[in-house]
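Peer 1: got a predicted structure plus its sequence, pasted below:
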Amino acid sequence: MPSIHDLETPAVLIDLDRLEANVVRMAARAREAGVALRPHAKTHKVPEIGWMQMRAGAVGLSLAKTSEAEVFARHGFPDLFVAYPVVSPSKADRLMALSRRVRLCVGVDSIEGAEVLAAAAVRSGQTLRVSLKVDSGFHRVGVDPKDAVSVGSRVAALKGLSLTSVFTHAGQAYHRADPKDIERDNEDEAKIVVAAALGLRQAGVPIETVSVGSTPTSRFGFAHKGVTEARPGNYVYLDRTQAGLGTCSFDECAMSILATVVSVSGSDRAVLDSGSKTLALDMLRPKPDGYGLIVGSTSRLSALSEEHGIVAVDPGDVFKVGERVRVLPNHACVVSNLHDRVYGVRGDRIETVFEVAARGCVD
């Protein structure tokens with residue numbers, strides 16, 4: 001087998017032992033809680049890793065965009081959830097074409113968006129399963145919890161749609177410095193979405209699935225009465241942000257970037273060939289602290305331009321031109337979207353190459 005030392009840099013490495021352990025661990029957590037696991041595949045965008053999750057017990061995959069769903073459908077995945085509000089008629093028509101091939105559900109959070117989906121469903125002569133997103137505190141998308149029953153009832157009344165589920169995402173957990181606050185987010189997301197489901201059932205809407213999901217909140221488990229499904233995504237790779245949040249240790253992070261030191265202009269600064277085109281510009285959460293950590297050191301990337309990663313060299317660390325290092329990224333998901341392929345490794349040996357089939361799927 002080839003070695004990572006044969007690779008040109010920068011290159012994205014996936015530690016297969018850690019990846020496999022992460023997949024098994026989350027599947028066990030869901031199984032112990034008695035909930036279905038529907039991982040969000042936007043983290044990896046790799047069909048082979050999706051199948052790894054399915055073999056471990058996942059019931060299907062969650063995706064962010066219509067084009068991502070089309071890619072995973074082409075690779076044979078039978079059950080997909082587009083966890084994103086689709087309001088474009090052309091995308092709605094694409095989803096209806098997709099629903100002839102897979103079991104599909106699509107997120108909604110407005111009457112206007114639901115009407116677009118309903119019109120496409122009627123045109124195609126089908127009934128589309130939809131899920132109402134409820135805002136559990138992140139304040140990004142999702143209906144206000146107090147409006148969930150009224151909006152959901154109107155959605156359920158639209159011809160061509162079947163409102164079968166409710167879902168939420170406690171993304172605010174990514175900004176918490178205290179684990180107790182993350183635990184509270186975990187409890188709140190469950191409480192809010194379960195209440196929405198109960199209210200809709202009382203209004204005559206037969207809600208089947210009650211779905212929560214984020215990797216930070218998952219550490220506190222999914223065993224909340226009324227929750228039936230979980231959708232964490234980042235857990236397959238994990239990253240510096242997850243370690244900073246207390247979700248994992250550095251030793252559980254599966255993704256790193258192999259990079260080369262291309263310049264050393266002083267004892268306090270070095271430059272890598274991995275800039276924003278490799279790592280993206282996401283800052284560390286919950287507290288900003290550079291753009292990546294040099295594995296095995298305390299030095300971090302303090303600035304990025306497109307092709308350059310500027311390392312703030314800590315006292316005691318020494319880097320030499322031509323030296324190869326590994327960088328632990330702040331956010332694994334955005335790194336996936338920047339690369340055509342990632343290398344599955346065990347130690348220094350390359351065992352497989354994963355094509356990132358759904359990278360660039362932004363529509």
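Peer 2: Yep, that arrived.

Peer 1: do a quick rundown of the strands in the stretch 201-350 of the chain.
Peer 2: 209-212, 229-230, 255-266, 269-272, 292-294, 300-304, 309-312, 324-329, 341-346, 349-355 (DSSP state E, counting those that start in this stretch).

Peer 1: can you tell me which of those is most buried?
Peer 2: Counting by mean count of other CB atoms under 10 Å, strand 292-294 has the highest mean neighbour count of those, with a mean of 27. Heads up, the C-betas are built off the backbone N, CA and C, glycines and all.

Peer 1: which residues does that one contact?
Peer 2: 240, 257, 274, 279, 299-301, 309, 311, 317, 325-330 (CB atoms under 8 Å, 6 or more residues apart in numbering).

Peer 1: let's see that with 7 Å instead.
Peer 2: The contact list for strand 292-294 (CB atoms under 7 Å, 6 or more residues apart in numbering) reads 240, 279, 300-301, 311, 325, 327-330.

Peer 1: between those, which sits nearest Phe138?
Peer 2: Taking CB to CB as the measure, Phe138 lies nearest Asn330 of these, at 19.2 Å.

Peer 1: wait, that closest one touches Leu238, no?
Peer 2: No - using CB atoms under 7 Å, Asn330 makes no contact with Leu238, being 11.5 Å away.

Peer 1: out of those two, which sits in the busier spot?
Peer 2: Higher neighbour count among Asn330 and Leu238: Asn330, with 28 against 25, using other CB atoms under 10 Å.

Peer 1: what's the first-to-last distance across stretch 288-295?
Peer 2: End-to-end distance for stretch 288-295: 18 Å, by CA to CA, to the nearest Å.

Peer 1: now it: mean pLDDT?
Peer 2: Summarised as a single mean, pLDDT over stretch 288-295 is 95.

Peer 1: again, but for stretch 134-145
Peer 2: Stretch 134-145 comes out at a mean pLDDT of 97.

Peer 1: buried ones in it, by neighbour count?
Peer 2: Of the residues in stretch 134-145, 134-138, 141-143, 145 count as buried by neighbour count, 16 or more other CB atoms under 10 Å.

Peer 1: which residues touch that stretch?
Peer 2: Against stretch 134-145 from outside (CB under 7 Å, 6+ apart): 85, 109, 132-133, 148, 151, 166, 168-172, 185, 188-189, 192-193, 195-196.

Peer 1: okay, the strands of the stretch 201-350 of the chain in JSON lines with distance to Ala28 next?
Peer 2: Formatted as JSON lines, the strands of the stretch 201-350 of the chain follow (distance: least, CB to CB, whole Å):
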{"stretch": "strand 209-212", "distance to Ala28": "17"}
{"stretch": "strand 229-230", "distance to Ala28": "12"}
{"stretch": "strand 255-266", "distance to Ala28": "21"}
{"stretch": "strand 269-272", "distance to Ala28": "37"}
{"stretch": "strand 292-294", "distance to Ala28": "28"}
{"stretch": "strand 300-304", "distance to Ala28": "33"}
{"stretch": "strand 309-312", "distance to Ala28": "36"}
{"stretch": "strand 324-329", "distance to Ala28": "25"}
{"stretch": "strand 341-346", "distance to Ala28": "22"}
{"stretch": "strand 349-355", "distance to Ala28": "23"}
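
Peer 1: out of those, nearest to Arg38?
Peer 2: Shortest distance between Arg38 and these, using CB to CB, is found for strand 229-230: 5.6 Å.

Peer 1: walk me through which strands that closest one pairs with, and which way each runs.
Peer 2: strand 36-37 (parallel), strand 209-212 (parallel) (DSSP bridges).

Peer 1: what are the bridge partners for the residue of the chain positioned farthest from its centre, then?
Peer 2: Using CA atoms, centre = their mean, the residue of the chain lying farthest from its centre is Gly266. It sits 38.3 Å away. On the basis of DSSP bridges, Gly266 is bridged to Arg269.

Peer 1: what's the spacing between it and Ile310?
Peer 2: Gly266 sits 11 Å away from Ile310, taking CB to CB, to the nearest Å as the criterion.

Peer 1: over to Val345?
Peer 2: Separation of Val345 from Ile310 (CB to CB) stands at 26 Å.

Peer 1: what's the closest non-adjacent residue to Ala11?
Peer 2: Leaving aside its sequence neighbours, Ala11 sits nearest to Leu258 (CB to CB, 6 or more residues apart in numbering; 4.7 Å).

Peer 1: can you tell me how far that neighbour sits from Ser336?
Peer 2: Applying CB to CB to Leu258 and Ser336 gives a distance of 15 Å.

Peer 1: same question for Val205.
Peer 2: Taking CB to CB as the measure, Val205 falls 36 Å from Ser336.

Peer 1: likewise for Leu198?
Peer 2: Distance, Leu198 to Ser336, by CB to CB: 37 Å.

Peer 1: more neighbours, the two?
Peer 2: Ser336 (27 against 15).

Peer 1: out of everything not next to it in sequence, what's closest to the more buried one?
Peer 2: What sits nearest to Ser336 in space, not counting adjacent residues and going by CB to CB, 6+ apart, is Lys45, at 5.1 Å.

Peer 1: hmm, back to that, which one, of the strands of the stretch 201-350 of the chain, ends up nearest to His5?
Peer 2: strand 324-329 (7.7 Å).

Peer 1: what packs against that closest one?
Peer 2: When contacts are defined as 3 or more CB pairs under 7 Å, 6 or more residues apart in numbering; DSSP states H and E, strand 324-329 sits against strand 255-266, strand 292-294.
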